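1. Structure, please.
(chains A and B)
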2 protein chains.
Amino acid sequence: FICEGVSLGEAVREQHGKDESVHRCRPPDVVVFPRCVEEVSALAKVCHKHRLPIIPFGTGTGLEGGVGAVKGGVCFSLRNMEQVLDLHPEDFDVTVEPGVTRKALNAYLRDTGLWFPVDPGADASLCGMAATSASGTNAVRYGTMRENVMNLEVVLADGSIVHTAGKGRRPRKTSAGYNLTNLFVGSEGTLGIITKTTLRLYGIPEAMVSAVCSFPSVQAAVDSTVQTLQAGVPIARIEFLDDVMIDACNRFSSLSYPVTPTLFLEFHGSEQSLQEQVKTAEDITQSNGGSDFQWARDTETRNRLWKARHDAWYAALALRPGCKAYSTDVCVPLSRLPQIIVETKEDLIENRLTGPIAGHVGDGNFHCLMVVDPNNPEEMHRVHLFTERLARISLVFLEDCRHPSSRSLLQG
Amino acid sequence: FICEGVSLGEAVREQHGKDESVHRCRPPDVVVFPRCVEEVSALAKVCHKHRLPIIPFGTGTGLEGGVGAVKGGVCFSLRNMEQVLDLHPEDFDVTVEPGVTRKALNAYLRDTGLWFPVDPGADASLCGMAATSASGTNAVRYGTMRENVMNLEVVLADGSIVHTAGKGRRPRKTSAGYNLTNLFVGSEGTLGIITKTTLRLYGIPEAMVSAVCSFPSVQAAVDSTVQTLQAGVPIARIEFLDDVMIDACNRFSSLSYPVTPTLFLEFHGSEQSLQEQVKTAEDITQSNGGSDFQWARDTETRNRLWKARHDAWYAALALRPGCKAYSTDVCVPLSRLPQIIVETKEDLIENRLTGPIAGHVGDGNFHCLMVVDPNNPEEMHRVHLFTERLARISLVFLEDCRHPSSRSLLQG
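-> Residues are numbered from 1 along each chain as shown, chains lettered A, B, ... in the order given. Below you'll find the predicted structure:
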């Protein structure tokens, strides 16, 4: 008797066999609900002995099918481990169990003047975000999970418990030994089950303001992004939505932005620094033919704006009821970004595909949210050909080649 | 015939068997001077076949004895691989070979408006800085090598060549596969020989200003540091020097700062943001009893100030001619820093040891530069007992205990 919560029920197994993506495979054979690291360890030992696959499960909000039980096995649902531990406001760090989501942590921190900025959109488990090396809209300013995880408690496949930076440690920097923390960040559950993560916190900025800016072309929007970063503006968020995406968001979230390539921006800092940042960004966007900024100043308006951005996935799905969404995820050097987005849009149109584009463009990162009818094999085939082309083009752009067009290269 | 440069000469071997530390062991049996990764690989294959230890050698500026040939073997001096490759100013990245030092890179970048900020003091090889996970005075603002290496080319022990983020890639962020880059950063030559590193660059700030501030006590100086960071000032450098250290620097670098606990500060930003940062820092230091800031505004004065800080090692050595220096390296959470420095100073005085303290206090990191007569076994013994105590105290401070004094804990 290791763990109180065990379920063999079909509904529970089904629920733990899928995330929010289109990917489906068999559900796990059993779901367990450990309440502490000792239970996780004891269960892992049993699985290890009987050679049963282990699948850690946080919130199931992933978009890549990572929780699928490809070979069956035991799903470890970690939702009952939901303590916020060891908050050190004076050192800007906190330790959380795997059931704590990013929104739960920020609610917990509300009165401390601190927050945890990494924000992949979904209200994901923070340990799951560590496991998948999550990033999102704030990464351009605050980094991804890689830069913000200070320590991890991990249960290995054989049940042994390791602390990647030493038990109870929370070093701001260290050069003692191998960087095991960052080996586990992004390991997607393949190296162990993360049962605790120690995170770096930030002071809530004195002032924040968001703005929306419409552009005559994709090139103009992305050029503005690149120039804003090159000017050294410490922008907190700079998100690109193409015309199809902003149209979908307008419909889904009852907004009325012009249906053209658009940037959602957010600035953090002191009142004075905010003025300076905004001035520089406005000069740059206007020199690229951008519209006046539409402001979102108070918390409620800002939240509505960013909720709309975070709901892009559902907005895309709503474009074609009954269809499924399938996201691509491409990151190229900043200077290559305008060209690859322009070429990708041309490809989507040529091949009659619905793929609104949303991008964390400050990092050179963008998604095509492919909306596809899973019952239409011909369309599925066109999507697969498109994603393969996109993957190959990305590689060309990632490497150090300076060809005027990568499509001509691929087609030539 | 693999490599033109091979030396068995005693002087060359001696020169490559030591760094700037007190640590000494036997020199390597042979020193080779490969000119390209293919030569490094071919040489590694020979060593692998004959089971000869390999010791990579950059500039020999380390302070931890990492280049010592503990079991003899082949020293790979990489100074002949000194190309700056693939500068992408528009993407803020560059790739360098192991012979390129941080000063050489910054000289190369001079006309681009960009710089590489990580600065361990010595003019170290950038690939060596990656291998040792170097940090230094700018880490509080710009991070350490961990945050600034984007890709590495590494020759493994068997001569195979790997690119930790994919050949030719320079991703600003990635969640594709394990983070091998950060497994090699800080691996100290134990996992392979770094033959190329791709680095993140930064725009040179519009304005920079340095200042020196004297304090009535260690506690006041360190409290000011903690409060400045808690106030969200994006300070570029904040370096602590205790009374013994500033006295040594005064003598060595012909300065005349008051002989009391001191902070060297540097601010980077726009003119406007600089004013704001300085105002906040001045308010904080003065509320802690700090002196008026002594300014270093022009480049030359700033350089003289930071040269004095970087020469702290030699300044410490000059306190006792004929002695050797031996540095400790401790990092604790910020909130624990005042207490551990105060207790460490008491310990040094009680035990009649010369150990000026210099600290990257913004990261919770400080060094005692122990100056010791290697021919006095009784003094050497006292130093060893001290460093052991310091190591044990650091662990207590690092872990999550809130005892009023860790010394009483250890002694109790």
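
2. how about the helices in the stretch 251-400 of chain A?
-> Using DSSP state H, counting those that start in this stretch, the helices of the stretch 251-400 of chain A run over residues A:271-287, A:299-310, A:312-318, A:337-350, A:377-398.

3. neighbouring contacts of the third one?
-> I take that to be helix A:312-318. With C-beta atoms under 8 Å, 6 or more residues apart in numbering or on different chains as the contact definition, helix A:312-318 has outside contacts at A:20, A:63, A:121, A:241, A:245, A:248-249, A:251-253, A:308, A:323-325, A:327, A:354, A:356, A:358, A:369, A:371. C-betas here are computed from N, CA, C, even on glycine.

4. mind listing what's buried in it?
-> Neighbour-count burial for helix A:312-318 flags A:Ala312, A:Trp313, A:Ala315, A:Ala316, A:Leu317, A:Ala318 (criterion: 16 or more other C-beta atoms under 10 Å in any protein chain shown).

5. Distance check, the last one against chain B.
-> The spacing between A:Ala318 and chain B, counted by C-beta to the nearest C-beta, to the nearest Å, is 27 Å.

6. export stretch A:348-361 as CSV, just CAs?
-> Extracted in CSV, the C-alpha atoms of stretch A:348-361 (Å, rounded to 0.1, in the frame of the first residue of the first chain):
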residue,chain,number,x,y,z
LEU,A,348,-0.3,29.0,-46.4
ILE,A,349,-2.3,31.0,-49.0
GLU,A,350,-0.9,29.0,-52.0
ASN,A,351,-1.9,25.8,-50.3
ARG,A,352,-5.3,26.9,-49.1
LEU,A,353,-4.5,26.3,-45.4
THR,A,354,-6.0,28.0,-42.3
GLY,A,355,-3.0,28.8,-40.2
PRO,A,356,-3.3,32.1,-38.3
ILE,A,357,0.2,33.2,-37.1
ALA,A,358,1.0,34.4,-33.6
GLY,A,359,4.5,35.0,-32.5
HIS,A,360,6.8,35.8,-29.6
VAL,A,361,8.6,37.9,-32.2
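
7. What's the mean pLDDT across that stretch?
-> Per-residue pLDDT over stretch A:348-361 has a mean of 95.

8. Quick one: residues contacting the most centrally placed residue in chain A.
-> In chain A, the centroid-proximal residue (C-alpha atoms, centre = their mean) is A:Pro120; its distance is 3.2 Å. Residues in contact with A:Pro120 (C-beta under 8 Å, 6+ apart) are A:Arg102, A:Met129, A:Ala134, A:Ser135, A:Gly136.

9. Repeat the analysis, applying 6 Å as the threshold.
-> Counting by C-beta atoms under 6 Å, 6 or more residues apart in numbering or on different chains, A:Pro120 makes contact with A:Ala134, A:Gly136.

10. Around the closest residue to A:Leu191 other than its chain neighbours, count how many other residues there are.
-> Spatially, and ignoring its direct neighbours in sequence, A:Leu191 is nearest to A:Phe184 (5.8 Å; C-beta to C-beta, 6 or more residues apart in numbering or on different chains). A:Phe184 is flanked by 26 other residues according to other C-beta atoms under 10 Å in any protein chain shown.

11. Look up phi and psi at A:Phe184.
-> A:Phe184 adopts backbone torsions of phi -80, psi -30, taken as degrees, to the nearest 10.

12. just A:Ser125 next, same as before
-> phi -70, psi 140.

13. So the residue nearest to the centre of chain A belongs to a helix, correct?
-> No. With DSSP: H, G, I helix; E, B strand; the rest coil as the criterion, A:Pro120 is assigned coil and is not in a helix.

14. I'd like to know how far it sits from B:Thr299.
-> 43 Å (C-beta to C-beta, to the nearest Å).

15. pretty sure A:Val30 is touching A:Gly73, no?
-> No. Between A:Val30 and A:Gly73 there is no contact under C-beta atoms under 6 Å: 8.2 Å.

16. who's A:Leu199 bridged to?
-> Beta-bridge pairing of A:Leu199 under DSSP bridges involves A:Val94, A:Val149.

17. tally of neighbours for it?
-> A:Leu199, neighbours per other C-beta under 10 Å, totals 24.

18. mind checking pLDDT for it?
-> At A:Leu199, pLDDT is 98.

19. Report the contact partners of it.
-> A:Val94, A:Phe116, A:Asn148.

20. Most neighbours among those, which one?
-> Going by other C-beta under 10 Å, A:Val94 tops those with 26 neighbours.

21. coming back round to it: give me whichever of the helices of the stretch 251-400 of chain A is most buried.
-> helix A:312-318 (a mean of 21; mean count of other C-beta atoms under 10 Å in any protein chain shown).

22. okay, and for the stretch 301-412 of chain A, where does confidence drop off?
-> When residues are selected by pLDDT under 70, those of the stretch 301-412 of chain A lie in A:400-412.

23. Up against chain B, what does it have?
-> A:Cys331, A:Pro333, A:Leu334, A:Ser335, A:Asp363, A:Gly364, A:Leu398, A:Glu399, A:Asp400 (C-beta under 6 Å from any C-beta of the partner chain).

24. pretty sure the fifth one is touching B:Ser175, no?
-> No. The pair formed by A:Asp363 and B:Ser175 falls short of the contact definition of C-beta under 6 Å, at 11.3 Å.

25. Tell me which of these two has more neighbours.
-> Using other C-beta under 10 Å as the criterion, A:Asp363 and B:Ser175 rank with A:Asp363 on top: 25 against 20.

26. quick revisit: wait, which of the buried residues of helix A:312-318 is closest to chain B?
-> A:Trp313 (17.6 Å; C-beta to the nearest C-beta).

27. ends of stretch A:330-341, how far apart?
-> 10 Å (C-alpha to C-alpha, to the nearest Å).

28. Just tell me which of the helices of the stretch 251-400 of chain A ends up closest to B:Ser210.
-> Taking C-beta to C-beta, helix A:271-287 is the member of the helices of the stretch 251-400 of chain A nearest to B:Ser210, at 20.6 Å.

29. Show residues contacting the closest one.
-> Outside helix A:271-287, the residues that reach it (C-beta under 6 Å, 6+ apart) are A:Ala207, A:Cys213, A:Ser224, A:Gln227, A:Thr228, A:Ala231, A:Val233, A:Phe267, B:Gln272, B:Ser273, B:Glu276.

30. Rebuild those as JSON lines, extending it with pLDDT and distance to A:Ala107.
-> Listed next are the contacts of helix A:271-287 as JSON lines, based on pLDDT from 0 to 100; distance: C-beta to C-beta, whole Å:
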{"residue": "A:Ala207", "pLDDT": "93", "distance to A:Ala107": "21"}
{"residue": "A:Cys213", "pLDDT": "98", "distance to A:Ala107": "31"}
{"residue": "A:Ser224", "pLDDT": "95", "distance to A:Ala107": "34"}
{"residue": "A:Gln227", "pLDDT": "91", "distance to A:Ala107": "37"}
{"residue": "A:Thr228", "pLDDT": "93", "distance to A:Ala107": "31"}
{"residue": "A:Ala231", "pLDDT": "87", "distance to A:Ala107": "35"}
{"residue": "A:Val233", "pLDDT": "91", "distance to A:Ala107": "30"}
{"residue": "A:Phe267", "pLDDT": "97", "distance to A:Ala107": "24"}
{"residue": "B:Gln272", "pLDDT": "88", "distance to A:Ala107": "35"}
{"residue": "B:Ser273", "pLDDT": "89", "distance to A:Ala107": "32"}
{"residue": "B:Glu276", "pLDDT": "93", "distance to A:Ala107": "31"}
